[in-house]
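Asker: The following block contains a protein sequence and its predicted model.
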Amino acid sequence: MTALTARWVVVDIEGTLTPTSQVHVVLYDYARPRLGPWITDHASDPVVVDAVAQIRSLGGLPDSAGVDEIVAVLHGWMDADQKIAPLKTLQGLIWQRGYAEGDLVTELFPDVVPALRAWHDKGLDLAVFSSGSVAGQVAAFSRTSEGDITSLFSSHFDTVNAGPKREAPSYRAIASALGAPSAEIVFFSDVPAELDAAVADGWQTVGLARPGEPFADADFGTHLAVKSFAEVSVDLP
Ligand SMILES: CSCCC(=O)C(=O)COP(=O)(O)O
Ligand SMILES: [Mg+2]
C-alpha cells in the first residue's frame, strides 16, 4: 500500500474507473446508430447546430454535407478512437438519454467505489477529468453497477471546459477552477501522457496498469503505477 497526502483527487474514467470495453464497445455501439437520428431530430438545438458546424469544419466537409456524410465522419473518429469534442458532445447527449431510459449501466472496477467512498468520507474533494462530456459523465455515474455515485463528485471537467488531456494548461485550468494548489491534487489515469501533462503542472500522479487493459504493460516512467485503487491510500495533510 502506498500512502499519499492530498486534498483533491481527480480521476480519469476509461481504463481507470471502468473497463475500456465499457466505453469502446458498450457506449460506442449504443451511440453509433443513434448519431444520425439525433442530429436530424435535434436540428434546431443550438448545441447540435454548433457540434455539426465543428464536425463539418474539422472533417473537411462542405456546408452542403448532409447527415449521412456527417455521420460517416463521426464513425471514422470513433473507429480511430479520436476523442474529438463535437463527437463527445453528441455521444454525451445520446448516452444521457440512454441512462435515463434504463438502457445503459456503467460497469465499474470492483475496487473503485470502496476507494472513492473512503476518500470522500475522509473529507477529500473528488473530481472527474475525462474526454467524455460533462453531461455524459454525470449520466454515467447516475446508473452504475454500484448504484448512483454522482454525489461522490463535486466537479466535472472535460475537453471543453478544461482542454485536451495530454496538455499541461488543461491541468492548470482545473487547479484554478478547484482553487487548489497543484501539489495538493492527485490524478489517477491509465494513460502515461496524461500523467506527464499533470506532473508538468505540479500535480501528484498515479498510473493505473490494470491487468487486461490497453495500458497494463505501459511504461509509466517516474509515475507511481498500481494495478488497482486498493494499492493506494490518500489522506488529508
Ligand atoms: C459517459 S463517460 C464516457 C467516457 C468517454 O466517452 C471517453 O471517451 C473516456 O475517455 P477518458 O478520457 O475517460 O479516458
Ligand atoms: Mg483513461
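Answerer: Received, thanks. Residues are numbered from 1 along each chain as shown. Ligands and ions are numbered 1, 2, ... in the order given.
Asker: Please spell out which residue in the protein sits farthest from the middle.
Answerer: residue 64 (32.6 Å; C-alpha atoms, centre = their mean).
Asker: where's that one, which helix or strand?
Answerer: Using DSSP states H and E, residue 64 sits in no helix or strand.
Asker: what about it, distance to residue 29?
Answerer: 30 Å (C-beta to C-beta, to the nearest Å). (Glycine included, C-beta is placed from N, CA and C.)
Asker: In the longest helix seen in the chain, which residues are buried?
Answerer: Longest among the helix segments of the chain by residue count, using DSSP state H, is helix 85-100. Buried residues in helix 85-100, counted by 16 or more other C-beta atoms under 10 Å: 85-96, 98-99.
Asker: got it, and stretch 21-28?
Answerer: 22-23, 26-28.
Asker: tell me the SS of the residue in the chain that ligand 1 sits nearest to?
Answerer: Among the residues of the chain, residue 132 lies closest to ligand 1, at 2.7 Å counting by C-beta to the nearest ligand atom. Judged by DSSP: H, G, I helix; E, B strand; the rest coil, the three-state class of residue 132 is coil.
Asker: from what I can see it touches residue 140, true?
Answerer: Yes. Using C-beta atoms under 8 Å, residue 132 makes contact with residue 140 at a distance of 7.0 Å.
Asker: Have a look at those two and say which one is more surrounded.
Answerer: residue 140 (29 against 25; other C-beta atoms under 10 Å).
Asker: Need the phi and psi values for the more buried one.
Answerer: phi -60, psi -30 (degrees, to the nearest 10).
Asker: Which residue is the nearest non-sequential neighbour of it?
Answerer: The shortest distance from residue 140 to any non-neighbouring residue, by C-beta to C-beta, 6 or more residues apart in numbering, is to residue 106 (4.6 Å).
Asker: For that neighbour, give the beta-bridge partners.
Answerer: Taking DSSP bridges as the rule, residue 106 bridges to residue 144.
Asker: Using PDB, write out every CA atom in the one helix or strand residue 197 maps to.
Answerer: Following DSSP H and E, the helix or strand that holds residue 197 is helix 192-200. The C-alpha atoms that make up helix 192-200 are tabulated as PDB, following Å, rounded to 0.1, in the frame of the first residue of the first chain:
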ATOM      1  CA  PRO A 192       1.100   7.900 -19.200                       C
ATOM      2  CA  ALA A 193       0.900  11.000 -21.500                       C
ATOM      3  CA  GLU A 194      -2.000  12.400 -19.400                       C
ATOM      4  CA  LEU A 195       0.000  11.800 -16.200                       C
ATOM      5  CA  ASP A 196       3.000  13.600 -17.800                       C
ATOM      6  CA  ALA A 197       0.800  16.700 -18.500                       C
ATOM      7  CA  ALA A 198      -0.500  16.700 -14.900                       C
ATOM      8  CA  VAL A 199       3.000  16.500 -13.500                       C
ATOM      9  CA  ALA A 200       4.100  19.400 -15.700                       C
END
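Asker: those strands in this structure, which residues are they?
Answerer: Listed in chain order, the strands of the chain (DSSP state E) span 2-5, 8-11, 125-129, 155-157, 185-189, 204-208, 224-226, 232-235.
Asker: Could you export the ones you listed as CSV, including mean neighbour count?
Answerer: Formatted as CSV, the strands of the chain follow (neighbours: other C-beta atoms under 10 Å):
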stretch, mean neighbour count
strand 2-5, 11
strand 8-11, 26
strand 125-129, 21
strand 155-157, 19
strand 185-189, 25
strand 204-208, 24
strand 224-226, 18
strand 232-235, 18
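Asker: Among those, which comes closest to residue 165?
Answerer: strand 125-129 (6.8 Å; C-beta to C-beta).
Asker: name the helices or strands packed onto that closest one?
Answerer: Other helices and strands packing on strand 125-129, by 3 or more C-beta pairs under 8 Å, 6 or more residues apart in numbering; DSSP states H and E, are strand 8-11, helix 112-121, strand 155-157, helix 168-178.
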